[in-house]
Each structure stands twice: as C-alpha cells, then as structure tokens.
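# coordinates for the following, if possible.
(one chain, ligands or ions: 1)
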Amino acid sequence: MITNTQLRKNGICYSGQWEPIYFTKQSGHNNENIESRYAFELSEPYLAHLASLGVNQLWTRFFKGYGLAFEDSEQQKLRGLVERCHKHGIRVFAYCTFGTLTLETLLEEEPGAADWVAKPDFFNHASYFGYQCFRARVDYTSEEWRAYLKRVVDKALDLGADGIHFDNAEMSIGFEACRCERCTRLFREYLAERYGTRTAATRRAGMARYGTNRFSHVEPPWFTLGQHPVNQRKVTVPIQQDWVEFRCDSFTGALRGLADHIRSRGRLVEANLGKNENINNPYYRGLDYERVYPLVDLAFHENFDRPGFNRHGSPVCAIRSFKVADAFGLPLMLYATNPLELMESFALNPGACGLAGSPSDKDRQRQFAFIRRWCHYNTKSTSLARVAVLRHQLSLSFDGYYAAQMASDMEQVLQEDHVPFDILAASQLDRLSKYALLVIPGMRWMRDCEGAAISKWVKAGGRLLLVGEVGIRNELNQVRSAVKTIRTLEDFHRSGEMAPLFTSLVKRPFHAPFTVKAGKGRVAFIPALEHAAVPGTELSDWRVERDHLNVPRNADEVRAVLQELLTGEDQLRVEAPNHVVVEFRRREDTGEGVLHLLNLGWEKKEVASARIKLRWPGKAPHVRALRWEADNPEKLTVRQEGTFHVCEVEGIREHVMLIIRVGNGVRHS
Ligand SMILES: [Zn+2]
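Below is the predicted model of the structure:
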C-alpha cells in the first residue's frame, strides 16, 4: 500500500463523486437524469475517460449518515467499482461523512443513535449548512458513534477501498455546540486534569489562571443574543479559552481514533478539513490544523480564496491554505474548476496535480497532459523560501480577528512583492535554521519555550520581524509584566507596564519602531499595521475574509524593514505586476531550480510579463519556460547583470514554470 510520502511524490490527480443519490434528492439538487448520470459515473467509459486525463485517485459515494442497512445496496457497488478503477490505475477512496447523521432512517437500525448527535442549548439538533434540517451534527465525544463509524470504515475497506475520504469534518459553534451531560462531564474532567489538585504543577496553573482548582460544577460557556458567538473577536476569559481547547481535543481525538484504525489496516486517510484559514476554525469548528493535519495523508479544501481579485482590487489566491498544508507535508486538493485554479494548485502545493470535475474540453485535457508530463517538478521539489511567517494556533484561536488580519496583511505584502515565503506552525520552530527571516504578525498568546527557541535562533544569526502585539500574554493567559513582583511604590507605579515575550532579547521597550542587533542576528519591530479594509460589526462580519486580504496602508514601512532584514538574501528578484504570484523551489533529485509564475490577472484575461533576476550556483544557468498552452519548452535568453542572471518572460497567461539548470537541456520526467 502506498504511503503519504509516495502519494505526494507521485502526485495526485483527483476526481470526486461526493454525494449518494438519496442525499442529492433530499438536499434539493435533483435532476431529471440523476439515476442514469450516477450509473454512468460508475461505468467503464467514464472511468476510462478519467484515466485518460491522468486521474489516479477517485473518491466515491459510500456513507452519508443514513445507516449501514439503508445505504447497503449503494455501498455494495463499491466492490465492482474498485476492480474497474484498479485496472485503470486509479485508487478509490470511499466518501464517508464525518459530521452528520440522518436520524429518520438511522434510528430504524440503531435505536441508540439519538445519543450520538449534538444537543445544543435550545434547538433540537444542530443542522448542517444550507438549511439541511434532515442532517443532525454528531457529538464527537460519543464513543458509540465512533464505534459505529469504525464499522462503516471497515465495511468500505473490506469492499476494497484504498482509503477513506471524510467529509463534513467540523464541530458546530456557539448556540449549536453540544452541551450535553457527557460533554459537560468531560469538560470538567479536562479542567481538573490541567488545573485541579492533581499535582503541584496543576495546582499552580489553576491558581494562576483561574484563582481556583475547583471545577466540579463548571458549565460549558454559554452565549446570549446580546453576547453572540459570531460577534466574538477575542477570547480572553479562561473558561472560554479552555472550551475552545477542549473542543479541539475532542474533535482531534475522534479523528485520531479512526485515522489510526484506517492506517493500521494499511490504507489512506483524507479529510475535508479545509475552511478559510482566517476564519477562527479552532473557536468556530473545534478544528485546529496543527492537531489534525498530522493525522491524515492528504487534505481537501473548500477553497474560499479563489484566484482573482477582491472588491478592493487586491490579488487573492489560496496561497495561505496551500502553505499551511505544505508545512505538514500534505497534498491539498481544491475544487480547481477552471484553468487558473488548476495551475494554482500545481504551482503552490506539491502533490496536488489536478482535480478533474465534470466534462473536460480540449484545453483542460491539454492542461492535464502538461501536468502529467512535468509533475515531478511539483512533486519532487522543496521550497526555497527564505522567509517564514508564524501562524501561531493558540494566538489565532484566542484572537478571532486581530492575529488573522495581521498575518494576512503581512502575507499579502510578501505575495504582492514576489517574496517567496512559507508558513510555520508553533510546533515547527525546529525548522527555523532553513530560514533567514521569521515574521511574527500579531500573535499575542505565545509560550515561554517558543520565545526561548526563537531567541536562540536569532542570537545564532536569525532575523526576526515582530509586528504588533507579539507574545504579550503567556500560556497561563497572564499579561507579561515588566515588574514581576511589586515591592515598592515605584514598582507599583510600573505595575501596568508590559514586557512582551522578546523584551529580554531586544533589551528595550516596544513603544516605537526599531531595528536592533541581538547576538549575531537582528530584530525589527513594527508597532501596528493600518488595515486597508476591516470586517464590519454586523453579525457574521467579524472574520477576515476575501475582501480583507490587502496590503496595509503602511506597506512602505513594512517594505523598508523587510528590505533591511533581507540584506544579502536576494537570490531572487522578480519585477512583475502585483498580481503575479511566485513560488520558488528546488527539485530534490536533479537539483534544478523551479520558479512558478502564477498570473492572477488572467481572471480578467490580462497577460503579464516578468523580469527575473536570480543568483544560481555554478556557471551561467539555462532557463526554460514551460507553459501548458505550448507544446515545447522555450529557451530564455539569460544575460549577466553584475552578480545576477537576468531573463524576461513575456505573455504569461495563467502560469509559466521556469526550470533553472546548470548544464544542458531539461529532463523530460
Ligand atoms: Zn455532547
């Protein structure tokens, strides 16, 4: 059986069949030809068509929460489908909902199933999106539901599925969150375990964080119409913070149990965990990428940030989603329904080699052929970015708005200025040595150990850019104070003075912008970003969405600091319109450089040009430009300008891939 690493190295070209027929009817997406269409999608001619496009993975309908007996006749079709797909070299993943149950059919088979669904405050059930009032969201703490889903998964694997595709993987929020007796009891146990009287350390933590070690009558946090969950921008109340953490743990535990089981049977796990990175998913959905991405072999994403322009004319794409997934080594599959989206996946995420939707025209077939031919420049490459942005999950969880907006602004500057960057999670600070610069944008809740690891890296030569309020709170939710113990009147007068996490590293206050040396490294500070557009105050308007992805008004201040910190790090300079996105990589097996130029301007059919200046080791490199719409690579003229090799790329439609090689030719694999 194939492993995650092989999966990524081979590249995934995907097609999906989503929903079973009874669900399609009940959700109101019925057609007159639905029976024959569904039958045709299981047929030899259709599978042969997918194989001719290069599709090597298909997910197929299997379980939508109606019941193993109710869904059995459809599920039995899996065995024959697997046999036909394997003949064409296509892996088959069985689609299973990981989030809802339809009790009206399930209860006939499983009388206890009413206990498996979430019990919100004052609704019967938590519905799924789109007013689907026949689907109740599950209660992830139910052991019985987990055991049932294991039976579902085993049935699919016994019928020959190569893996499981979990959909609807998320909890419900606020009023709709489960607050049943079991969840309440588990939450109290969760608090007692961390902050109760169990050990000296938990006693100290409880007293520091709550002023008590007693939690036996705690209720899960509640909301009111005046204090609506959707409007919450900041989570500073510790019981709410721990509820967010508890829910993330509960969800992760449920997914881990099933994922480990599937992997123990030598099969693969995929999950649709993909929501916009800037919506506070830990708070909103119990969904923390840092916890769940390591559990799966590949991820699917609903891509909200489709390539193009937002209302303010800023170029937007799914670079954040791709970078977060790449940080965990995950191929990320998006819908990729048009040529620009298909090339976006190919350019920005290793392993993602296309998602084939319904009918494919000549152009699309040509694109797939291009990807098949050159896929190893995607799948066997690693990022050459010298800049990392820290997306610190705890901070993003407790700041529904601030941290996401700060991170997005900084990433937008890097994207529009063609500075290759990666995104790191807090658990990945051991990778810092790969980077010249770490940007920490507005991450308020940082742990002491993270400060120590980053400071050590800076003193050894790393460069650090702190933007806004970074590390002003510790892991106990305390504001970091300049005076730790108040003994004198002078201490008392200074009692409100903050000493953020990196104060001891820079040995100065964070009042005004600065750049200072620290050991062999440097630290710069920008106190605030002036956001070009911010969410409103209406319900559901609190989150950072497409229209809030802009460079800040003080982008020039950011650019000046970036330029200063990146001195000596200019292996690549790209002069191109701000809607050209770059991705700079190295193919591991051949050592060739790979530079993707993705033109978001193509959404308006604007062709772009770019002037590339690069330093590449060895003598004059050969640079070839590859485009899906051209049959053969084009050799570019490379001139020497000082220490740079310079070339021009004209007529960029959706995408051009440059291959940089010392020596002759380009490998055709
Ligand atoms: Zn519950």
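# distance of Ala453 from Phe502?
Plainly put, Ala453 is 12 Å away from Phe502 if you go by C-beta to C-beta, to the nearest Å. All C-beta spots, glycine's among them, are computed from the backbone N, C-alpha and C.
# looking at those two, which one has more neighbours?
More crowded of Ala453 and Phe502, by other C-beta atoms under 10 Å: Phe502, with 22 against 15.
# the more buried one against Gly521, yeah?
No: counting by C-beta atoms under 8 Å, Phe502 sits too far from Gly521 to count as a contact (11.6 Å).
# give me the common contacts of the two.
Leu464 (C-beta atoms under 8 Å, 6 or more residues apart in numbering).
# now the protein, which segments are flagged as low pLDDT?
Counting by pLDDT under 70, the chain contains low-confidence residues at 1, 358-360, 537-541, 663-669.
# around the ion, pick out the residues from the protein.
Applying C-beta under 5 Å from the ion, we find that the chain lies next to the ion at 139, 178, 180, 182-183.
# swap in 8 Å and give it another go.
With C-beta under 8 Å from the ion as the criterion, the chain meets the ion at residues 118-119, 139, 141-142, 178-184.
# would you mind giving these as TSV with neighbour count added?
Formatted as TSV, the residues of the chain next to the ion follow (neighbours: other C-beta atoms under 10 Å):
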residue	neighbour count
Ala118	25
Lys119	19
Asp139	24
Thr141	22
Ser142	22
Cys178	24
Arg179	19
Cys180	17
Glu181	8
Arg182	15
Cys183	22
Thr184	15
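# contacts only, for the closest residue to Leu429 other than its chain neighbours.
Spatial nearest neighbour of Leu429, excluding adjacent residues (C-beta to C-beta, 6 or more residues apart in numbering): Ala453 at 4.6 Å. Ala453 sits next to 429-430, 432 when contact means C-beta under 8 Å, 6+ apart.
# over to Tyr402?
233-234, 442, 444, 468-469 are the contacts of Tyr402 under C-beta under 8 Å, 6+ apart.
# give me the buried entries from those residues.
If you count burial by 16 or more other C-beta atoms under 10 Å, the buried members of those come out as 442, 444, 468-469.
# any chance you could map the helices in the stretch 201-350 of the chain?
Assigned by DSSP state H, counting those that start in this stretch, the stretch 201-350 of the chain shows helices spanning 238-264, 281-285, 289-292, 319-327, 339-348.
# for the ion, see how far away Arg508 is.
Arg508 sits at a distance of 49 Å from the ion (criterion: C-beta to the ion, to the nearest Å).
# thought Cys353 was touching Ile371?
Yes: assessed by C-beta under 8 Å, Cys353 is found in contact with Ile371 at 5.1 Å.
# looking at those two, which one has more neighbours?
Shown here are Cys353 and Ile371; by other C-beta under 10 Å, Cys353 has more neighbours (28 against 23).
# looks to me like that one is in a strand.
Yes: with DSSP: H, G, I helix; E, B strand; the rest coil as the criterion, Cys353 is assigned to a strand.
# measure it to the ion for me?
Applying C-beta to the ion to Cys353 and the ion gives a distance of 40 Å.
# so what sits against both of Cys353 and Ile371?
11, 13, 54, 346, 378.
# out of these, which is most surrounded?
When neighbours are counted by other C-beta under 10 Å, Phe346 leads those with 29 neighbours.
# from Ile472, how far off is it?
When Phe346 is compared with Ile472 (using C-beta to C-beta), they lie 40 Å apart.
# now Asn310
Separation of Asn310 from Ile472 (C-beta to C-beta) stands at 30 Å.
# who's more crowded, these two?
Each of Asn310 and Ile472 has its neighbours counted (other C-beta under 10 Å); Ile472 has more, 20 against 16.
# wait, the more buried one sits on Arg444?
Yes: with contact defined as C-beta under 8 Å, Ile472 reaches Arg444; the gap is 5.3 Å.
# what about the residue of the stretch 301-450 of the chain found nearest the ion, which helix or strand?
Relative to the ion, the nearest point of the stretch 301-450 of the chain is Ser397 (20.4 Å; C-beta to the ion). Under the criterion of DSSP states H and E, Ser397 resides in helix 393-398.
# Leu572 versus the residue of the stretch 301-450 of the chain closest to the ion, what's the distance?
Per C-beta to C-beta, Ser397 is found 34 Å from Leu572.
# for Arg366, same thing?
For Arg366 relative to Leu572 (C-beta to C-beta), the value is 29 Å.
# and those two? which has more neighbours close in?
Using other C-beta under 10 Å, the more surrounded residue of Arg366 and Leu572 is Leu572, with 21 against 16.
# returning to what we had before: which of the contacts of Ala453 are buried, as a PyMOL select command?
A single PyMOL command suffices to select whichever of these are buried according to 16+ other C-beta under 10 Å:
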select buried, resi 429+432
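# out of the contacts of Ala453, flag the one nearest to Gly536.
Distance ranking of the contacts of Ala453 against Gly536, using C-beta to C-beta, places Leu429 first at 35.5 Å.
# hmm, Ile454 and that closest one touching each other?
Yes: contact criterion C-beta under 8 Å: Leu429 and Ile454 qualify, at 6.4 Å.
# among the shared contacts of Cys353 and Ile371, which lie within helices?
Judged by DSSP state H, these include 346, 378 as members of helices.
# ok, which pair from the shared contacts of Cys353 and Ile371 is furthest apart?
Using C-beta to C-beta, the pair of the shared contacts of Cys353 and Ile371 lying farthest apart is Gly54 and Asn378, separated by 12.9 Å.
# shared neighbours of those two, anything?
Common contact partners of Gly54 and Asn378 (C-beta under 8 Å, 6+ apart): 353, 371.
# outline the domain layout of the protein.
By the assignment in automatic domain parsing, the chain contains the domains 4-178+226-302, 180-219, 387-565, 572-661.
# how long is the third one end to end?
It refers to domain 387-565. By C-alpha to C-alpha, to the nearest Å, the extent of domain 387-565 from end to end equals 10 Å.
# again with the last one
End-to-end distance of domain 572-661: 15 Å, with C-alpha to C-alpha as the criterion.
# centre of the chain to that domain, how far?
26 Å (C-alpha atoms, centre = their mean, to the nearest Å).
# hmm, Tyr335 and Glu341 touching each other?
Yes: the pair Glu341 and Tyr335 passes the contact test of C-beta under 8 Å, sitting 7.0 Å apart.
# follow-up on the earlier one: which residues does the residue nearest to the residue of the stretch 301-450 of the chain closest to the ion when sequence neighbours are not counted contact?
Excluding the flanking residues, the one nearest Ser397 by C-beta to C-beta, 6+ apart is Pro282, at 3.9 Å. Going by C-beta under 8 Å, 6+ apart, Pro282 touches 244-245, 247-248, 288, 393, 396-397.
# change it to 7 Å
Neighbour list for Pro282: 244, 248, 288, 393, 397 [criterion: C-beta atoms under 7 Å, 6 or more residues apart in numbering].
# torsion angles phi and psi at Lys9?
Here is the backbone geometry of Lys9 (degrees, to the nearest 10): phi -70, psi -30.
# can you count the residues close to it?
By other C-beta under 10 Å, 18 other residues sit near Lys9.
# what about it, distance to Thr382?
Lys9 is 12 Å from Thr382, by C-beta to C-beta.
# cool, and Pro441?
Counting by C-beta to C-beta, the gap from Pro441 to Thr382 is 24 Å.
# all set now, cheers.
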